[in-house]
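1. Got a sequence here, can you build the structure:
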Amino acid sequence: MFKSISLQKLLPIIAVAVLLTGYGLLLAHPINLVTADLGRHIKNGEMIWHDNFEVLKTNFYSYTYPDFPTTNHHWLSGLVFYGLWQLVGFKGIDIFFILTSLATLLIFFRIAVARSSSTIATLITLPLIPILLERNEVRPEIFSYLFAGIFFWLILKVKDNHILSKYLLILPFLQIIWTNLHIYFFVGPVLIGAFLVEALTKKSILTRKMSLVFLLSIIATTLTPFGLKSTLAPLTIFKNFGYRLVENQPVWFIEKILPNLSFSIFKLFFIFFVLSFVVRYAKTKNLPIAETILALGFSLAAWFAIRNFAIFGLFALPIMANNIGLNIKPKNGFKITVAVLAFLIVFFLAILSGELKKIFPYSEFSIGLEKGNLAAAEFIKKENIQGPIFNNYDIGGYLIYSLPTKERVYPELGRGVFVDNRPEAYPASFFQETLIPIQEDEKTWNEKNAIYKFNAIIFSYRDYTSWGQTFFAKILNDPEWKTVFVDDRVIILLKKNELNKEIIAKYGKSISIKKQ
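-> The predicted model follows:
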């Protein structure tokens with residue numbers, strides 16, 4: 001009997017451990033700075049650390065619009081990433097990201113277990129893994145997921161009378177930190193506001209305390225280097241957004257262009273999520289106000305922008321578990337756990353073997369930088385490649401990280417990037433009237449080339465936009481330019497002139513694009 005009880009308690013723990021280990025392995029893929037934002041975040045932190053904690057408030061990195069005002073709503077994340085980079089390098093940053101992701105999922109998972117059972121929580125988490133993996137790069141948003149989990153956990157603890165309401169006063173202080181870490185900080189007041197609406201509706205004794213905490217949290221969102229402008233950033237950022245990003249597109253639009261199994265899993269999971277509310281209402285004749293508000297809000301956010309898949313999945317887990325837990329009490333929880341554990345082991349063994357690479361392409365299971373990822377950056381420094389540089393959208397962050405600081409402090413001389421992956425840091429017209437036409441139309445290219453006097457082209461040629469591919473094919477055959485470097489991701493071409501004569505002579509004859 002003792003062994004049976006012990007095993008029943010142990011198996012759910014093992015199942016959760018295997019689940020988290022598998023999720024962690026799927027997150028452990030090489031960092032690609034060429035298309036990621038991480039390089040820019042590290043440089044932001046470096047600038048802040050070495051400039052008396054002065055936060056950049058203009059588009060400092062670009063020579064095209066160096067004075068364009070911009071709100072660096074994730075400046076504190078940059079400082080964190082820079083500190084980690086200095087202390088433990090890219091591998092340390094990767095480990096930090098994985099551990100933070102696991103801690104975040106564990107918070108939401110524990111909430112789900114407390115409101116249902118370990119069996120139900122595990123069964124719901126399984127299909128959520130590929131949905132969560134849609135946001136698998138090291139980004140400042142990981143802090144938003146963590147803080148959202150802490151806020152949700154603390155509010156529920158107070159609501160369920162597990163801790164005193166005075167602990168809600170911790171939230172405004174956490175809100176100050178969150179506001180400076182990532183633009184999803186508004187989720188904090190949204191969470192508090194949803195439970196405040198519920199308290200008002202039910203005339204709860206928590207109404208006054210929740211009202212105070214809500215007000216203080218709103219005030220906390222202004223405590224940044226940008227003040228009220230930062231508070232309003234989530235509402236205003238898309239007013240000047242001239243570049244269409246994949247992650248900001250709705251599911252029904254992007255799945256036609258980039259088919260992805262995760263989209264099908266999301267839609268199927270969403271159906272069951274809605275059904276869980278139907279089943280709950282059929283039994284209880286009421287729905288939890290706060291959680292219904294959150295479910296509706298995060299569901300709409302995920303449908304309208306795939307970048308919201310992860311935060312939808314994290315909140316769907318405990319909310320759905322609560323809905324199901326009120327109606328279903330697994331009679332064979334032990335057997336179900338055994339079956340789930342067996343499935344998990346087989347599933348992750350299949351991933352480790354490489355058999356599921358088409359479904360989970362990030363299955364290299366390594367941490368730190370992708371091998372050879374800084375080869376182009378090292379070439380730029382070694383050969384002292386001079387600007388003005390023309391680069392495409394994707395590689396901007398890589399160049400910001402790679403170019404020496406002295407190359408970025410004189411943007412009026414054409415030193416720095418032409419563009420980077422921050423649409424809000426440039427006028428919307430720049431993308432529509434310059435960046436895209438310059439790659440599509442030879443006449444526009446010649447006109448802008450005469451203005452900017454490009455000396456080098458540094459291009460991420462895995463840019464699958466139609467204009468990016470058009471430009472890449474065209475520039476390879478342009479007699480005025482010569483390829484001097486190419487690897488699996490980056491190509492560098494130099495203008496045929498006296499300044500580049502020696503570099504072209506040294507590398508120009510040895511480069512063959514067809515062999516790459």
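2. Sketch out the low-pLDDT regions of the stretch 351-500 of the chain for me.
-> When residues are selected by pLDDT under 70, those of the stretch 351-500 of the chain lie in 351-364, 404-415.
3. Tell me which stretches of it form strands.
-> Taking DSSP state E, counting those that start in this stretch as the criterion, the stretch 351-500 of the chain carries its strands at 389-391, 456-460, 481-486, 490-495.
4. for L164, what are its contacts?
-> L164 makes contact with V158 under the criterion C-beta atoms under 8 Å, 6 or more residues apart in numbering. Every C-beta, even on glycine, is put in place using the N, C-alpha and C of the backbone.
5. picking up where we left off before, just send the strands of the stretch 351-500 of the chain back as TSV, with distance to I192 and mean neighbour count too.
-> Listed next are the strands of the stretch 351-500 of the chain as TSV, based on distance: least, C-beta to C-beta, whole Å; neighbours: other C-beta atoms under 10 Å:
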stretch	distance to I192	mean neighbour count
strand 389-391	42	24
strand 456-460	41	24
strand 481-486	52	20
strand 490-495	45	23
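6. Those strands: which one's closest to E442?
-> Put simply, out of the strands of the stretch 351-500 of the chain the one that sits nearest E442 is strand 481-486, at 13.1 Å, with distance taken as C-beta to C-beta.
7. Partner strands of that closest one and their direction?
-> Strands adjacent to strand 481-486 in the sheet, as given by DSSP bridges, are strand 490-495 (antiparallel).
8. and the next element down the chain from the partner strand?
-> Downstream of strand 490-495, the first helix or strand assigned by DSSP states H and E is helix 501-507.
9. who's in contact with that following helix?
-> Under the contact criterion C-beta under 8 Å, 6+ apart, helix 501-507 has outside partners E383, I385, K482, V484, F485, L494, K496.
10. any idea which element the residue nearest to F185 when sequence neighbours are not counted lies in?
-> The spatial neighbour of F185 that comes closest, neighbours along the chain excluded (C-beta to C-beta, 6 or more residues apart in numbering), is T179 at 4.2 Å. Using DSSP H and E, the secondary-structure element containing T179 is helix 170-181.
11. Quick one: mean pLDDT over that helix.
-> Along helix 170-181, the predicted confidence averages to a pLDDT of 98.
12. Flag every buried residue along that helix.
-> Applying a neighbour-count criterion of 16 or more other C-beta atoms under 10 Å, one finds L171, P172, L174, Q175, I176, W178, T179, N180, L181 buried in helix 170-181.
13. And for stretch 235-250?
-> Of the residues in stretch 235-250, those buried by neighbour count under the rule 16+ other C-beta under 10 Å are N240, G242, Y243, N248, Q249.
14. what would these look like in CSV with pLDDT?
-> Formatted as CSV, the buried residues of stretch 235-250 follow (pLDDT from 0 to 100):
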residue, pLDDT
N240, 84
G242, 82
Y243, 87
N248, 89
Q249, 92
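15. Please identify which of those is nearest to N500.
-> Y243 (29.9 Å).
16. how about the nearest residue to L435, chain neighbours excluded?
-> Leaving aside its sequence neighbours, L435 sits nearest to V419 (C-beta to C-beta, 6+ apart; 5.6 Å).
17. Then P250?
-> Leaving out its chain neighbours, P250 is closest to F304 (C-beta to C-beta, 6+ apart), at 5.0 Å.
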